[in-house]
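Student: predicted model follows, preceded by the sequence.
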Amino acid sequence: RCGCYDYLGCWKYVSMIIFFVFVYCGALCLCVQMLFQVINFLLIVLSALMIWKGMVVTLGSESPIVVVLSGSMEPAFHRGDLLFLSCHNDVPFRVGEIVVFKVDGRDIPIVHRIIKVHEDEDGKVQFLTKGDNNRVDDRGLYAPGQMWLRPDNVIGRAEAFAPYVGMVTIIMNDYPALKVALLVFLAAVAIIHREK
């Protein structure tokens, strides 16, 4: 009981209340700060997703950015170059144009140049591709029995590129342990570093 004549006892209770208020407020501030960090992270992820979807819609390609994985297109493109694709099938395919295509039975798209365009009797356009650094055309890469590519095999046409920007992706895929280490490092930095 805190009476008028017991100043020391009153101060003890008041100081305990102040201490618990500060501890509660500190824990609340920490929770709010962590909540803001989670919200900031989600905003970054959602922003990246919106940019990606915007590029998909604008450029008309299911995959508007690809990384060159081999040296088959040297000297035009090198391993690690980042290609920006568009996919407008209303524009006719031309010899010399660089396309990214997928064939049945292969998961990874291929970046090569059109070397021949062929039109069937019924007006269907087909074409043959080849890597600039390869000696033979791509018929050996196509699905068994397929001699020409069709427009529906094309993911996109190369419109622009950024040299060697995709090397980070290649390194992360070649060394999965490095990918895990980088993610752990980034998570640790995010937890340790707090906005002041």
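Tutor: It's in.
Student: how close does Glu74 sit to Ile171?
Tutor: 19 Å (CB to CB, to the nearest Å). Where you see a C-beta, it was placed from the backbone N, CA and C, and this is true even at glycine.
Student: repeat for Val45
Tutor: Distance from Val45 to Ile171, by CB to CB: 22 Å.
Student: between these two, tell me which one has more neighbours.
Tutor: Neighbour totals were compared for Val45 and Ile171, and Ile171 leads with 13 against 10 (other CB atoms under 10 Å).
Student: give me the three-state assignment for that one.
Tutor: Put simply, Ile171 is helix when judged by DSSP: H, G, I helix; E, B strand; the rest coil.
Student: per-residue confidence at the closest residue to it other than its chain neighbours?
Tutor: Excluding the flanking residues, the one nearest Ile171 by CB to CB, 6 or more residues apart in numbering is Leu178, at 6.7 Å. pLDDT recorded at Leu178 is 88.
Student: mind listing the strands for the protein?
Tutor: With DSSP state E, the ranges of strands along the chain come out as 65-67, 82-86, 98-101, 110-119, 125-130, 154-162.
Student: I figured the residue nearest to Ile171 was touching Met172, is that so?
Tutor: Yes. Distance between Leu178 and Met172: 6.4 Å, which falls inside the contact criterion (CB atoms under 8 Å).
Student: any weak-confidence spans in the protein?
Tutor: Scanning the chain for pLDDT under 70 picks out 1-16, 18-30, 194-196.
Student: dump the strands of the chain to JSON lines, plus mean neighbour count and distance to Met55.
Tutor: JSON lines is the format used below for the strands of the chain (neighbours: other CB atoms under 10 Å; distance: least, CB to CB, whole Å):
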{"stretch": "strand 65-67", "mean neighbour count": "20", "distance to Met55": "7"}
{"stretch": "strand 82-86", "mean neighbour count": "21", "distance to Met55": "8"}
{"stretch": "strand 98-101", "mean neighbour count": "22", "distance to Met55": "14"}
{"stretch": "strand 110-119", "mean neighbour count": "18", "distance to Met55": "18"}
{"stretch": "strand 125-130", "mean neighbour count": "19", "distance to Met55": "24"}
{"stretch": "strand 154-162", "mean neighbour count": "18", "distance to Met55": "11"}
